[in-house]
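J.: Kindly generate the corresponding structure for this input.
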Amino acid sequence: MLKSTQTLRFNYEFSRIYKRGKFSTGRYLAVHAFKRSPNLKHNLTPIPVDLLRVGFTNSHGRKTAVARNRAKRLLRAAFAKYEPDVLLGYDIIFLMRSGDVLPTFAEVDKEMGRHLRSLGLLKSGE
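T.: Got it, this is the predicted structure:
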């Protein structure tokens, strides 16, 4: 991850994004995004506006730890391609939807790009 990217770790951060953010869903994944306000704090410490925070998760349909971890690795790898072009100041959750088989990297990559563009999270040049 880039220096300006952090991982979401706390349940209340995920809940805030799900409740107050905008989202886009597709066949393989869903993307939830929340534009942080400048006065948002974590443990009384302000969160910098020039920071991108990202979380990767699964739906409950994947039964084995191997499948869940593989799905998260796919999401992280696909996001690494788009990371330099994503706008700062957002909290983003990538949710791999459950299905019978795990999608390929190309399918996840294509769909992630489509979601990021539809939510307006990519810089204008992309």
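
J.: Give the residue farthest from the middle of this protein.
T.: What lies farthest from the middle of the chain is residue 44; by Cα atoms, centre = their mean that is 24.5 Å.

J.: tell me the average confidence for the longest helix anywhere in the chain?
T.: Secondary structure of the chain per DSSP state H: the longest helix is helix 65-82. The average pLDDT for helix 65-82 rounds to 92.

J.: What is it packed up against?
T.: Judged by 3 or more Cβ pairs under 8 Å, 6 or more residues apart in numbering; DSSP states H and E, helix 65-82 is in contact with strand 52-58, strand 90-96, helix 105-118. (Glycine included, C-beta is placed from N, CA and C.)

J.: Of all these, which one is nearest residue 16?
T.: strand 90-96 (7.4 Å; Cβ to Cβ).

J.: Could you export the helices and strands packed on helix 65-82 to TSV, including columns for mean neighbour count, distance to residue 66 and mean pLDDT?
T.: Listed next are those as TSV, based on neighbours: other Cβ atoms under 10 Å; distance: least, Cβ to Cβ, whole Å; pLDDT from 0 to 100:
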stretch	mean neighbour count	distance to residue 66	mean pLDDT
strand 52-58	19	12	94
strand 90-96	23	14	95
helix 105-118	17	17	96
